[in-house]
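A.B. asks: No letters, just coordinates:
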């Protein structure tokens, strides 16, 4: 399995560093020869200036007036009034336009190691995804040097091992960028050092390093702070950190991080590799082709950008996405933000915050299908943290019950609009609710459904029960409504508001369908079901515009940016499944036309948008187009260390995690009650294997194919139930559980189904039928599978 990212030189800037993380602590290893830096983060280190921000209560009559203007077609006047009345700084935009009260995610500091010896020959810097280990090695004038870095999978520490021949010497210190709002107090002891920091608003944090010299050597404190090591065959550095949002002393919690941590490197490494491997090794992807792993990763990226084939690079990118999700979210208390958990900047782009209009959702599209369901826990915890204030915000801003979540926010659980012109949007809670429902679909955890998922689904739906308004045609529509971050001619700026953006209608449809299904499973709220079905009947259906495209708004407006990076109105295609080639072919064709128009106008122009395009084409069964989008992502929108980029040159992790989710969609889909095997596998991936992908219903699937034909298929049923398969082409199928024949399908067909028992493995022998050239089935197959 492809799991090595490597370079023949140090990182040119921080975005070329190699990330390590254990959910709570994160580090970027730059790999400098004479001066090594590890850029440190703690998931809870955010500024807290606006921790208690609130909303300004509104008058319901004002919202009614705004709606009247929208229904009269006065969209510019209505949009401007809505932005001034409801948007920005907690709904006080008229007074504070331009103020943003989202607190930024902050760097913890840097671990700096200075060495003697000059430049290194035979230099290599690598990230081993399977081991969760960064290694830097080479030969200097002082001898051989080797450095290893990990964020321990079992303990809340970052560990570093430095070794060399004949011995190593270095100076160690902790640093943090000059910040007038943060006071630091550094300290040093004979084999330890650290600092405590306190922001002007009272939030405090602590970092501590402990040094061990297992093979001997000398260590002494330096007068200017830090430690100096001399004549040591080996040095092991342990680093822990803690944050106290309330301003108390974080040092005791920081010291607790060292409890039970082995001091010796062999045991540290063994326990870390075993636990990390248990998580990472659940899934593996291999794609046949020439092996370019001996080339540095930056060279492979240039090679791909120049039009050459490197199938293994796509597999590496997929495996890297799973690694990053583990490093940012397993055992975490907070979910991955725009940069995961890796940020060295005091003023990062977009505050390194949480965006609820695609980015945080995209971060977790991979989790369930990628066999990392545990990584969703911090996402659900964040939403639960927001719910009390979200209920208050729904009442204060919109006069509605239920819960409302903002388009952009930080970690403090305060639901306030902060981005003037963007944040009059009501779809965030409905979109996040999809992840609660997915978690149930993949795990069949009825306790989670009853105690966490369904209560939130109901609250999100309750908002729309009050918010939807009857338009002059008697339809129920959300108004004001936006298609996130996009504009139409004649609309408000910087984002146009109107009545019934297509995405909002799709979000409401998806949410109410989820509520109906959950309530039936739990056997509750029969009266509610009748109310939800009545609402669904009055929602306007999707509309196809004059260009054959799926309309982005209820009216067929001219788009100011036809190539906009957001393609929000395709939510129904992906990540939802309201639009499919099998069930809604006309809408699927319109979705395809939408993608073609977006791309023809320069769309998909950032990393996460290219990932979204790939996923959408995957749902259409167009593997070639999906691969083209992934190639654009890897050719234009990643750093030499494969970290995703947003123009002009900002690291954003959604490109990595969304791109990996798109690869999973190309190989296995499970919406609509079926496991679709190789639904969008491009011809370039002619031979390969994937193991461990998960489908809804708790089915784990291993697939092997050769020269475009299925060679092997194995299904593990976690919970029992009927398994329904859809194959890429018709085949005769024999299903066995061990030596026992379960079912034999004698006639070639696209679909097969059989009953499974919990905990059992099922091996499928597949004999594919020949397809007559020019047959209708052959044409359909090419249409659905690229």
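C.D. replies: Structure received. Just so it is clear, the structure is predicted and the values come from calculations on it, not from any experiment.

A.B. asks: remind me which residues of this protein are low pLDDT?
C.D. replies: For the chain, the stretches flagged by pLDDT under 70 are 1, 770-786.

A.B. asks: Would you mind splitting it into its domains for me?
C.D. replies: Using automatic domain parsing, the domain ranges for the chain come out as 4-45+107-280, 60-89+315-669, 675-785.

A.B. asks: Make CSV from these and add distance to residue 298 and mean neighbour count to it.
C.D. replies: From N, CA and C alone the C-beta is placed, and that goes for glycine too. Shown next, in CSV, are the domains of the chain (distance: least, CB to CB, whole Å; neighbours: other CB atoms under 10 Å):
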stretch, distance to residue 298, mean neighbour count
domain 4-45+107-280, 6, 19
domain 60-89+315-669, 4, 22
domain 675-785, 22, 17
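
A.B. asks: Tell me which of those domains sits nearest to residue 292.
C.D. replies: Evaluated over those, closeness to residue 292 peaks at domain 60-89+315-669, with 10.0 Å, by CB to CB.

A.B. asks: Compute the first-to-last residue distance for the closest one.
C.D. replies: End-to-end span of domain 60-89+315-669 (CA to CA, to the nearest Å): 44 Å.

A.B. asks: Can you spell out which helices and strands pack onto the helix or strand harbouring residue 509?
C.D. replies: According to DSSP states H and E, residue 509 maps onto helix 502-522. Contacts defined by 3 or more CB pairs under 8 Å, 6 or more residues apart in numbering; DSSP states H and E place helix 502-522 against helix 428-443, helix 454-467, helix 526-538.

A.B. asks: Now render those as TSV, adding distance to residue 63.
C.D. replies: Putting the helices and strands packed on helix 502-522 into TSV (distance: least, CB to CB, whole Å) gives the following:
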stretch	distance to residue 63
helix 428-443	18
helix 454-467	9
helix 526-538	19
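
A.B. asks: Can you tell me which of those is nearest to residue 120?
C.D. replies: Closest among the helices and strands packed on helix 502-522, using CB to CB: helix 428-443, at 45.2 Å.

A.B. asks: The closest one: what's the following helix or strand?
C.D. replies: helix 446-448.

A.B. asks: quick revisit: need the domains of the chain in a markdown table (columns: distance to residue 95).
C.D. replies: What follows is those, written out as a markdown table (distance: least, CB to CB, whole Å):
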| stretch | distance to residue 95 |
| --- | --- |
| domain 4-45+107-280 | 22 |
| domain 60-89+315-669 | 8 |
| domain 675-785 | 48 |
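
A.B. asks: Out of those domains, the one nearest residue 98 is which?
C.D. replies: domain 60-89+315-669 (6.4 Å).

A.B. asks: quick one, helices of the stretch 51-200 of the chain?
C.D. replies: 60-71, 75-86, 93-96 (DSSP state H, counting those that start in this stretch).

A.B. asks: what's the closest of those helices to residue 540?
C.D. replies: Per CB to CB, nearest to residue 540 of those: helix 60-71, 13.5 Å.

A.B. asks: The helices and strands packed on helix 502-522: which one's closest to residue 757?
C.D. replies: Taking these one by one with CB to CB, helix 428-443 is closest: 17.8 Å.

A.B. asks: Packing partners of that closest one?
C.D. replies: Against helix 428-443 (3+ CB pairs under 8 Å, 6+ apart) you get helix 359-363, helix 365-369, helix 377-398, helix 446-448, helix 454-467, helix 502-522.

A.B. asks: so the longest one versus helix 454-467, what angle?
C.D. replies: Pointing back at helix 377-398 there. Angle between the axes of helix 377-398 and helix 454-467 is 20 degrees (criterion: axes from the mean of the first three to the mean of the last three CA atoms, to 10 degrees).

A.B. asks: centre of the chain versus helix 377-398, how much separation?
C.D. replies: Remark: helix 377-398 is offset 20 Å from the chain centroid, using CA atoms, centre = their mean, to the nearest Å.

A.B. asks: now for that helix, which elements pack on it?
C.D. replies: Using 3+ CB pairs under 8 Å, 6+ apart: helix 377-398 touches helix 311-329, helix 428-443, helix 454-467.

A.B. asks: one more time with 10 Å
C.D. replies: helix 60-71, helix 75-86, helix 311-329, strand 354-355, helix 359-363, helix 428-443, helix 454-467 (3 or more CB pairs under 10 Å, 6 or more residues apart in numbering; DSSP states H and E).

A.B. asks: Looking at these, spot the one closest to residue 573.
C.D. replies: Nearest to residue 573, of all those, is helix 428-443, at 13.7 Å by CB to CB.

A.B. asks: Put together JSON lines for the helices and strands packed on helix 377-398, with distance to residue 261 on each row.
C.D. replies: Output for these, formatted as JSON lines (distance: least, CB to CB, whole Å):
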{"stretch": "helix 60-71", "distance to residue 261": "56"}
{"stretch": "helix 75-86", "distance to residue 261": "50"}
{"stretch": "helix 311-329", "distance to residue 261": "18"}
{"stretch": "strand 354-355", "distance to residue 261": "31"}
{"stretch": "helix 359-363", "distance to residue 261": "29"}
{"stretch": "helix 428-443", "distance to residue 261": "32"}
{"stretch": "helix 454-467", "distance to residue 261": "37"}
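
A.B. asks: which stretch among these comes nearest residue 416?
C.D. replies: Among those, if distance is taken as CB to CB, the winner is helix 75-86, at 11.1 Å.

A.B. asks: what's the angle from that closest one to helix 377-398?
C.D. replies: 110 degrees.

A.B. asks: For helix 75-86, what is the distance to the chain centroid?
C.D. replies: 32 Å.

A.B. asks: list the helices and strands it packs on?
C.D. replies: Helix 75-86 packs on helix 60-71, helix 93-96, helix 377-398, strand 481-482, strand 497-498, going by 3+ CB pairs under 10 Å, 6+ apart.

A.B. asks: Distance to residue 175 added to these, as a markdown table?
C.D. replies: Converted to a markdown table, these look like this (distance: least, CB to CB, whole Å):
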| stretch | distance to residue 175 |
| --- | --- |
| helix 60-71 | 51 |
| helix 93-96 | 36 |
| helix 377-398 | 29 |
| strand 481-482 | 43 |
| strand 497-498 | 46 |
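
A.B. asks: now for these, which one comes closest to residue 14?
C.D. replies: Comparing the helices and strands packed on helix 75-86 by CB to CB, helix 377-398 comes nearest, at 23.9 Å.

A.B. asks: Sheet-wise, list the partners of the following helix or strand past the closest one with their directions.
C.D. replies: Later in the chain than helix 377-398, the nearest helix or strand by DSSP H and E is strand 408-409. Within its sheet, and counting by DSSP bridges, strand 408-409 is paired with strand 354-355 (antiparallel).

A.B. asks: which residues touch the partner strand?
C.D. replies: 102, 105, 334-338, 360-363, 379, 382, 386, 405-411, 419, 422, 428, 484-485, 652, 654 (CB atoms under 10 Å, 6 or more residues apart in numbering).

A.B. asks: Repeat the analysis, applying 8 Å as the threshold.
C.D. replies: By CB atoms under 8 Å, 6 or more residues apart in numbering, the residues outside strand 354-355 that reach it are 335, 337, 338, 360, 382, 407, 408, 409, 410, 411.

A.B. asks: go on, stretch 590-605?
C.D. replies: For stretch 590-605, using CB under 8 Å, 6+ apart, the contacting residues are 542, 544-545, 547-550, 561-565, 567, 569-570, 572-573, 579, 609-610, 612-613, 616-617, 620, 622, 625, 629, 632, 647.

A.B. asks: let's see 6 Å
C.D. replies: 544, 548-550, 562-563, 565, 567, 570, 573, 579, 610, 613, 616, 620 (CB atoms under 6 Å, 6 or more residues apart in numbering).

A.B. asks: Determine which two of those are furthest apart.
C.D. replies: It's 544 and 610 that sit farthest apart of the contacts of stretch 590-605, by CB to CB, at 25.3 Å.

A.B. asks: can the helices and strands packed on helix 428-443 go into CSV with extra columns for distance to residue 191?
C.D. replies: Putting the helices and strands packed on helix 428-443 into CSV (distance: least, CB to CB, whole Å) gives the following:
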stretch, distance to residue 191
helix 359-363, 39
helix 365-369, 40
helix 377-398, 34
helix 446-448, 46
helix 454-467, 49
helix 502-522, 55
